[in-house]
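**Student:** Build me a structure from this.
(2 chains, ligands or ions: 3)
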Amino acid sequence: MKALVWHGAQDIRCESVPDPRIEDDRDAIIKVTACAICGSDLHLYDHFMPGMEKGDVMGHEFMGEVVETGKGVNGTLRKGERVVIPFTIICGECDQCKRGFFSVCERSNRNKHLAAKAFGHTTAGLFGYTHLTGGYQGGQAEYVRVPFADKTHIKVPDGLTDEQVLFLGDIFPTGWQAAVQADIQPTDTVAIWGAGPVGQMAIRSAILLGARQVVCIDRVPERLEMARAGGAVTIDNSTESTVERLNQLTSGKGPEKCIDAVGMEAHAPRALEQVYDRVKQAMMLESDRATVLREMIYVCRPAGILSIPGVYGGLVDKIPMGALMNKGLTLRTGQTHVNRWTDDLVARIADGQIDPSFVITHRGGLADGPDLYKTFRDKKDNCIKVVLRP
Amino acid sequence: MPASASRQEPSAHRARGGADAPSARLSSDRRRRPDPSTRQVARGLGWFSLALGVTEVTCGDAIARWLGMPRAGALVRAYGVREIVQGAGILGAHDPTPWIWARVAGDGLDLATVLPGLTGDPRHRANTAVALGALAGVGVVDLLCARALSDAPLAPSEPVRADYRSRSGFPRGVAAMRGAARDVRPRDFTTPESLRAWS
Ligand SMILES: NC(=O)c1ccc[n+]([C@@H]2O[C@H](COP(=O)([O-])OP(=O)(O)OC[C@H]3O[C@@H](n4cnc5c(N)ncnc54)[C@H](O)[C@@H]3O)[C@@H](O)[C@H]2O)c1
Ligand SMILES: [Zn+2]
Ligand SMILES: [Zn+2]
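**Tutor:** Ligands and ions are numbered 1, 2, ... in the order given. You can find the predicted model right below:
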């Protein structure tokens, strides 16, 4: 079969690889009908995340049709059934899964020892996302093996198109969890850094959850435009000071809730800070750039909440812990507990409250994948979200 | 059918055009939008070029002697002129990208010129090493800056941009949806009752 294969920094190729096979009773094989490129894939593309190996198949946002099931799955999935696959693989039986904390499932990561070494404890297995999280082959391919398939799936009604439901596997619940954990009150201003796909979903979620004012910060004009379409006030941080404008918009009090939808590859609007972080990264003294975190801590209203869906991989430097502590800020973060939210979100899509396909700007086949990775990374051609049809 | 799904998107291939050809990365493009930090670094390099150029032109002979290449005074002055032209180019251009790449090339030339000094007159070897270190340091900044410029996003093309204005994602509009999910408050993802604001 064809798949998008990682070969190194900025080197992803569309190649033939062996078809996946059932390896365990709880496996299913899915024929992929649609998959997307996610901002998290860019951390691998740029090789900011360690733990990839040549030959790994990319992709963790995908959906398709069940073509084969292991003995342990039969009851829950039928051949031909259409499912979206969550990017977090879940066993459904461990302590964390029972609590609904699916992204820290204790059993789905087959490289637990690596994760435990890096993070102290294991986290869930993820598709197409480094050997730290299990080294499972990803979904930017014609077929995928889904482990624990009796639990690791989201059923979707036939009346909805692939493009309407595809993002249930990742960015929609991610933006949603980011907003939910910000505990939004009707009087709140919610500031969201990053107008990428996750930021866009967080904006819509914050509106649904009833925020009085949503502000979005980025520097890419067409992304800011899409943010405004969704009801956000926007700040272009290439021309305006984020802190000044946020204070202006909140009568000097600062936003009650701040969401980091950028993560470890943040650009610094200040030259010195950018050079500092780049040099430290180059010398391996720091792996992630913390510009957005610093800005959020500084500008957030005291007793406010910071919600961090943006992905970090290792160490950051110069976090103003004094401000965080003295301002009494709450910090909530994590990979998304996808299945915890999806029943509710499917219902909202079916009900016409939201249609996540608004974010798609580019479509192609698997063979277009390598080019579209670059287009998406460089924000060329107004690209915001790419969907591929294998 | 969602509005966005029914619309035919421009094919990725066609719309991307030749923007990714190596020559396009190096050449000037008024649509380029580097982030402010990159722009500031580029301006800094422009001023640096000017200052270094003036120094090289006025003190060419002294610099050449210091490096242990007493006959290279004229060459140093010529390099100074090059620096001044590059500096003016960086500070004057709409898009400094080609000028910063010119600096990268110039760094290569400078390194190649100074390098033989390491095996030359022992009295000047330390000076040569200092010069090489400085050149390498500046060279790294030049290269980072040039790459950041080449990678910068291009300003959007109007027709596609206009389209995003209708992409609210809310089939019934933003106003109708504000607060539609207000009742979603999972206990373990929100502030516990005892810690909530009193009013
Ligand atoms: N928690 C999860 O489970 C989860 C799931 C999906 C994605 N993510 C993460 O969310 C983040 C965003 O994903 P995406 O798909 O939207 O990616 P993206 O790269 O398309 O978007 C990031 C946006 O942030 C902007 N940006 C960069 N520096 C900034 C700054 N200093 N201030 C404001 N904006 C800045 C960029 O211009 C870009 O538009 C990534 O880190 C991704 O890994 C997390
Ligand atoms: Zn993702
Ligand atoms: Zn589990």
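**Student:** From here on, just use CA atoms for contacts and neighbour counts.
**Tutor:** Will do.
**Student:** Show me where the stretch 101-250 of chain A has its helices.
**Tutor:** In the stretch 101-250 of chain A, the helices defined using DSSP state H, counting those that start in this stretch lie at A:112-119, A:162-165, A:171-180, A:197-208, A:221-229, A:242-249.
**Student:** again, but for chain B
**Tutor:** B:3-6, B:12-16, B:22-26, B:36-58, B:60-66, B:73-92, B:97-114, B:125-151, B:158-163, B:174-177 (DSSP state H).
**Student:** and the stretch 201-350 of chain A, which of its residues are near ligand 1?
**Tutor:** Proximity of the stretch 201-350 of chain A to ligand 1 is confined to A:217-220, A:261-263, A:266-268, A:291-292, A:309-311, A:334-336 under the rule Cα under 6 Å from any ligand atom.
**Student:** 5 Å instead, please
**Tutor:** By Cα under 5 Å from any ligand atom, the residues of the stretch 201-350 of chain A that approach ligand 1 are A:217-218, A:261-263, A:266-268, A:309-311, A:335-336.
**Student:** circling back to that earlier point, out of the helices of the stretch 101-250 of chain A, which one sits most buried?
**Tutor:** Among the helices of the stretch 101-250 of chain A, ranked by average contacts under mean count of other Cα atoms under 10 Å in any protein chain shown, first place goes to helix A:197-208 (a mean of 29).
**Student:** where does the residue lying closest to A:V386 once chain neighbours are set aside fall, phi/psi-wise?
**Tutor:** Excluding the flanking residues, the one nearest A:V386 by Cα to Cα, 6 or more residues apart in numbering or on different chains is A:H362, at 4.7 Å. Backbone torsions of A:H362, given as degrees, to the nearest 10, read phi -140, psi 140.
**Student:** wait, doesn't A:H362 sit right on A:R389?
**Tutor:** No: checked against Cα atoms under 8 Å, the pair A:H362 and A:R389 is beyond contact range at 11.2 Å.
**Student:** Compare those two (neighbour count), which wins?
**Tutor:** Shown here are A:H362 and A:R389; by other Cα atoms under 10 Å in any protein chain shown, A:H362 has more neighbours (22 against 19).
**Student:** Tell me the spacing between that one and A:G314.
**Tutor:** A:H362 is 31 Å from A:G314, where distance means Cα to Cα, to the nearest Å.
**Student:** before we move on, back to that, could you dump the helices of the stretch 101-250 of chain A to TSV with mean pLDDT?
**Tutor:** Shown next, in TSV, are the helices of the stretch 101-250 of chain A (pLDDT from 0 to 100):
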stretch	mean pLDDT
helix A:112-119	92
helix A:162-165	97
helix A:171-180	98
helix A:197-208	98
helix A:221-229	94
helix A:242-249	96
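**Student:** Now distance to A:R99 too, for those, in CSV please.
**Tutor:** As requested, the helices of the stretch 101-250 of chain A are exported to CSV (distance: least, Cα to Cα, whole Å):
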stretch, distance to A:R99
helix A:112-119, 20
helix A:162-165, 25
helix A:171-180, 16
helix A:197-208, 23
helix A:221-229, 34
helix A:242-249, 37
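**Student:** quick check, stretch A:158-168 touching ligand 1?
**Tutor:** No: Stretch A:158-168 stays clear of ligand 1 (Cα under 5 Å from any ligand atom), getting no nearer than 10.0 Å.
**Student:** is that stretch anywhere near ligand 2?
**Tutor:** No: Stretch A:158-168 stays clear of ligand 2 (Cα under 5 Å from the ion), getting no nearer than 9.4 Å.
**Student:** For that stretch, C-alpha coordinates in CSV please.
**Tutor:** Extracted in CSV, the C-alpha atoms of stretch A:158-168 (Å, rounded to 0.1, in the frame of the first residue of the first chain):
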residue,chain,number,x,y,z
ASP,A,158,-24.2,8.1,7.9
GLY,A,159,-25.9,11.4,7.2
LEU,A,160,-22.6,13.3,7.9
THR,A,161,-19.9,13.7,5.3
ASP,A,162,-16.3,12.6,5.9
GLU,A,163,-15.1,16.2,6.1
GLN,A,164,-17.7,17.0,8.7
VAL,A,165,-16.6,14.3,11.1
LEU,A,166,-12.9,13.7,10.3
PHE,A,167,-11.7,16.3,12.9
LEU,A,168,-13.5,14.4,15.7
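**Student:** Run through who's touching that stretch.
**Tutor:** A:33-36, A:61-63, A:84, A:86, A:156, A:173, A:338, A:342, A:345-346, A:349-350, A:355-357, B:1-2, B:5 (Cα atoms under 8 Å, 6 or more residues apart in numbering or on different chains).
**Student:** Cross-check the contact I'm expecting between A:R332 and A:L306.
**Tutor:** Yes: between A:R332 and A:L306 there is a contact under Cα under 8 Å: 6.3 Å.
**Student:** centroid residue for chain A?
**Tutor:** Centroid check for chain A by Cα atoms, centre = their mean gives A:I171 as the closest residue, at 5.1 Å.
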